[in-house]
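>>> sequence? don't have it. structure:
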């Protein structure tokens, strides 16, 4: 059903937050992931996510068919923050390698002890909860980037 209605209308900037969250939860996404930089503030995470979006849009094949949602959450073990994100694009517009390349610029690499970057293709049938997890209520801000 989601595949049929993938090109749902975009939300206007004036619609209330609850509609944005509902739209994100019901939207079909291509990728899901998160980054956990070593020491990042809320503003630092916002800059990193906006950089990721701008960089992915700069690839020649991306044109104007890219949507990204991210939410910021406090780390459970310290006073720093991390981000969960969802990416939607036209089929095969962005390769997972392209996203990983940019993520490695904004976050430290994974180690044997810690996963700093997590990224995988979004499975519509089994991981619809991925969007719900990214939009959970205990976050420190979120943004829907389109263009």
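Received the coordinates, thanks. Predicted model, so just to flag it, every value in this text is computed and none were measured.

>>> For the rest of this, base every contact and every neighbour count on C-alpha atoms.
Noted.

>>> Of all residues in this structure, which one is nearest the centre?
Geometric centre of the chain, nearest residue: residue 85, 1.9 Å, by CA atoms, centre = their mean.

>>> Partner strands of the strand or helix carrying it, with direction?
For residue 85, the host element (DSSP states H and E) is strand 81-89. The pairing partners recorded for strand 81-89 under DSSP bridges are strand 31-35 (antiparallel), strand 66-74 (antiparallel).

>>> Low-confidence regions, this protein specifically.
Scanning the chain for pLDDT under 70 picks out 1-18, 60-64, 124-130, 132-133, 137-138.

>>> the longest helix in it is where?
In the chain, taking DSSP state H as the definition, the longest helix is helix 42-57.

>>> Which other helices and strands does that helix contact?
strand 66-74, strand 81-89, helix 96-106 (3 or more CA pairs under 8 Å, 6 or more residues apart in numbering; DSSP states H and E).

>>> Residue 36 is nearest to which of these?
strand 81-89 (4.6 Å; CA to CA).

>>> From the chain's centroid, how far away is the closest one?
Chain-centre distance of strand 81-89: 2 Å, with CA atoms, centre = their mean, to the nearest Å.

>>> same question, stretch 34-44
The answer for stretch 34-44 is 14 Å, by CA atoms, centre = their mean.

>>> Could I get the contacting residues of the closest residue to residue 121 other than its chain neighbours?
Excluding its sequence neighbours, the residue lying closest to residue 121 (CA to CA, 6 or more residues apart in numbering) is residue 31, at 4.4 Å. By CA atoms under 8 Å, 6 or more residues apart in numbering, the contact set of residue 31 is 86-88, 119-122.

>>> Just the buried ones out of those residues, please.
86-88, 119, 122 (16 or more other CA atoms under 10 Å).
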